[in-house]
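> generate coordinates for the sequence data below:
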Amino acid sequence: DFDALNHVIEVPELGYIVGGSGNYIDPSGAVKQGALAAMVGYNGSQLWGQTYVHSDISYESVAARTVATAEGKYYQIVNGRGDITYLENGFSIYEIDLSNGIAPSDVRHIHIQEHPIKVMSAHPHPQNPEHLLLSGFLEVDASNLPYDPNDPQSFYELSAGDRPPFLMEIN
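Numbers count the residues shown, from 1 in each chain. Here you go, the predicted structure:
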């Protein structure tokens with residue numbers, strides 16, 4: 001049930017990487033949150049495809065985008081609780097092996113403090129070809145804040161439920 005196949009990126013001389021995420025039913029019949037990446041050749045044949053568990057069902061996981069760097073590396077950025085030892089949502093950066101699919105050993109899980117963080121956009125850095133620019137938002141929950149967000153004397157001007165944006169550069 002992949003209802004969020006949300007990106008296609010061309011890989012010169014090979015075809016297209018198609019990706020997204022959603023709920024799916026695994027062979028045991030359990031519903032899981034997962035991400036999808038597949039390589040489709042120019043002739044329409046699937047060269048490889050991979051569905052991988054990224055988060056448990058209580059946490060949303062959305063493949064924000066597959067992005068290519070100027071150096072010819074491809075990454076899939078996926079929101080959700082990729083590191084199951086971490087309590088809140090974050091995002092993960094999976095490197096794609098163009099011949100075989102997602103390389104689970106080449107993954108980075110990113111979290112900020114105790115706040116859920118979601119990537120909404122990913123692009124190669126225009127001046128640093130090996131870097132990615134990521135933007136999105138934090139999901140602020142008043143129970144996670146060390147201050148009263150409704151206190152006008154507070155240094156922060158955020159209120160519970162606000163989604164402050166972020167811009168991040170990652171090497």
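> only C-alpha atoms from now on, for both contacts and neighbour counts.
OK.
> for this protein, what helix or strand is lowest in average pLDDT?
In the chain, the helix or strand scored least confidently by mean pLDDT, DSSP states H and E is strand 101-110, which has a mean of 78.
> what ranges do the strands span in this structure?
Per DSSP state E, the chain carries strands over the ranges 4-11, 15-25, 31-41, 46-55, 63-68, 74-80, 90-97, 101-110, 117-124, 132-138, 165-170.
> ranking those strands by burial, who's on top?
strand 74-80 (a mean of 26; mean count of other Cα atoms under 10 Å).
> okay, now the sheet partners of it, with direction.
Its sheet considered, strand 74-80 pairs with strand 63-68 (antiparallel), strand 90-97 (antiparallel) by DSSP bridges.
> got the angle for it vs strand 31-41?
With axes from the mean of the first three to the mean of the last three Cα atoms, to 10 degrees as the basis, strand 74-80 and strand 31-41 are set at 160 degrees to each other.
> now strand 74-80 - C-alpha only, CSV.
What follows is strand 74-80, C-alpha atoms only, in CSV (Å, rounded to 0.1, in the frame of the first residue of the first chain):
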residue,chain,number,x,y,z
TYR,A,74,22.6,9.0,-4.8
TYR,A,75,20.9,9.2,-1.4
GLN,A,76,17.3,8.5,-0.2
ILE,A,77,16.3,10.7,2.8
VAL,A,78,13.5,9.1,4.9
ASN,A,79,11.6,10.6,7.8
GLY,A,80,10.6,8.5,10.7
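> could you give the angle of that strand to strand 117-124?
170 degrees.
> which non-adjacent residue is nearest L138?
I117 (4.4 Å; Cα to Cα, 6 or more residues apart in numbering).
> need the strands paired with strand 74-80 in TSV (columns: mean pLDDT and distance to G20).
Shown next, in TSV, are the strands paired with strand 74-80 (pLDDT from 0 to 100; distance: least, Cα to Cα, whole Å):
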stretch	mean pLDDT	distance to G20
strand 63-68	81	5
strand 90-97	86	13
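> just put the ones you listed in TSV and tack on distance to P165.
Shown next, in TSV, are these (distance: least, Cα to Cα, whole Å):
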stretch	distance to P165
strand 63-68	15
strand 90-97	14
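> out of the ones you listed, which is closest to G49?
Of all the strands paired with strand 74-80, strand 90-97 sits nearest to G49, with 11.4 Å by Cα to Cα.
> wouldn't D26 be in contact with T51 here?
No - the criterion here is Cα atoms under 8 Å, and D26 misses it with T51 at 9.8 Å.
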